[in-house]
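J.: Sequence first, then the predicted structure:
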Amino acid sequence: MPSPLRDCIAALPFALIATISASPCLAAQADKPAEVTTRGQREAKDIAYGNWQKLCFKVGGAPMLCRTSISGKFPTGQMAVRIDLIEREGAASARLQLFVPVGMYLQQPAKLTVDRGSPVRLPYSWCLTNACIAADVAPAAIVKQMESGKTLVLETVDSNLLALTTSVPLAEFASVHKGAPSRTLEQYVDE
């Protein structure tokens, strides 16, 4: 036959967990991404960046979608980073999307900063076998900063908790972003 004292002691952890999980302080903290203290920092200097490009896609009667992007590769030819600014014709907001190699600490969002301005954090959305994707709505301020800025600094945290930074050139961004697309891919749909 169970003793009342033993039953109370056994129920204590469950009562404690219920009290802690109902705490409004902890609920508010759960909404904010946890800031991770890194164990060091290094700059990825061996990335070679291509030119900014603007590609647009027109499918049937849908609004045109344009992607202004730049890619960086390691000397081995492997993709190191790709940054896309994705805009849909008639939409009020744009989307920033970032591709990085697997092996990042996914709980820490990627951080983009233009010329020592305010950082924009991009949470990771999903990973494929060869890349992880971080994306979010692009604040209008960051797009304007990219158009007038010189350098975009990307900071990620790897699985060893080392902060990795790379500098992405913005010299061509404004003219490519505001200019005509280098290619427009169209698909006609027969209904």
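T.: Perfect, thanks for sending it. All values derive from a computational prediction rather than experimental measurement.

J.: Per the annotation, how does the chain divide into domains?
T.: Using automatic domain parsing, the domains assigned to the chain come out as 1-32, 40-187.

J.: Tell me which helix or strand comes right after the helix or strand of the chain with the lowest mean pLDDT.
T.: Using mean pLDDT, DSSP states H and E, helix 24-31 stands out as the lowest-scoring helix or strand of the chain, at a mean of 39. Reading on from helix 24-31 to the C-terminus, the next helix or strand found by DSSP states H and E is strand 40-43.

J.: wait, Leu162 sits on Thr37?
T.: No: if you go by C-beta atoms under 8 Å, Leu162 and Thr37 don't touch, sitting 11.6 Å apart. Where C-beta positions appear, they are placed from N, C-alpha and C, glycine not excepted.

J.: The two: which is more packed in?
T.: For the pair Leu162 and Thr37, the greater number of neighbours falls to Leu162 (14 against 7), based on other C-beta atoms under 10 Å.

J.: Grab the nearest non-local neighbour of the more buried one.
T.: Nearest non-adjacent residue to Leu162, counting by C-beta to C-beta, 6 or more residues apart in numbering: Gly40, 5.1 Å away.

J.: Next one: that neighbour from Phe173, what distance?
T.: 30 Å (C-beta to C-beta, to the nearest Å).

J.: Compare these two (neighbour count), which wins?
T.: For Gly40 versus Phe173, neighbours defined as other C-beta under 10 Å are more numerous around Phe173 (24 against 8).

J.: so what's that one up against?
T.: 52, 68, 70, 146-147, 149 (C-beta atoms under 8 Å, 6 or more residues apart in numbering).

J.: helix, strand or coil for Ser118?
T.: When classified by DSSP: H, G, I helix; E, B strand; the rest coil, Ser118 comes out as coil.

J.: burial count for it?
T.: 10.

J.: Gln145 versus that one, what's the distance?
T.: Note on Ser118: its distance to Gln145, by C-beta to C-beta, is 9 Å.

J.: In stretch 138-146, which residues are buried?
T.: Along stretch 138-146, these residues count as buried under the neighbour rule (16 or more other C-beta atoms under 10 Å): 138, 142-143, 145-146.

J.: next one: stretch 56-67
T.: Buried residues in stretch 56-67, counted by 16+ other C-beta under 10 Å: 56-58, 65-67.

J.: possible to save those residues as TSV with secondary structure, pLDDT and distance to Gln187?
T.: Below are the buried residues of stretch 56-67 laid out as TSV (DSSP: H, G, I helix; E, B strand; the rest coil; pLDDT from 0 to 100; distance: C-beta to C-beta, whole Å):
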residue	secondary structure	pLDDT	distance to Gln187
Cys56	strand	96	12
Phe57	strand	94	8
Lys58	strand	91	7
Leu65	strand	95	12
Cys66	strand	96	15
Arg67	strand	97	15
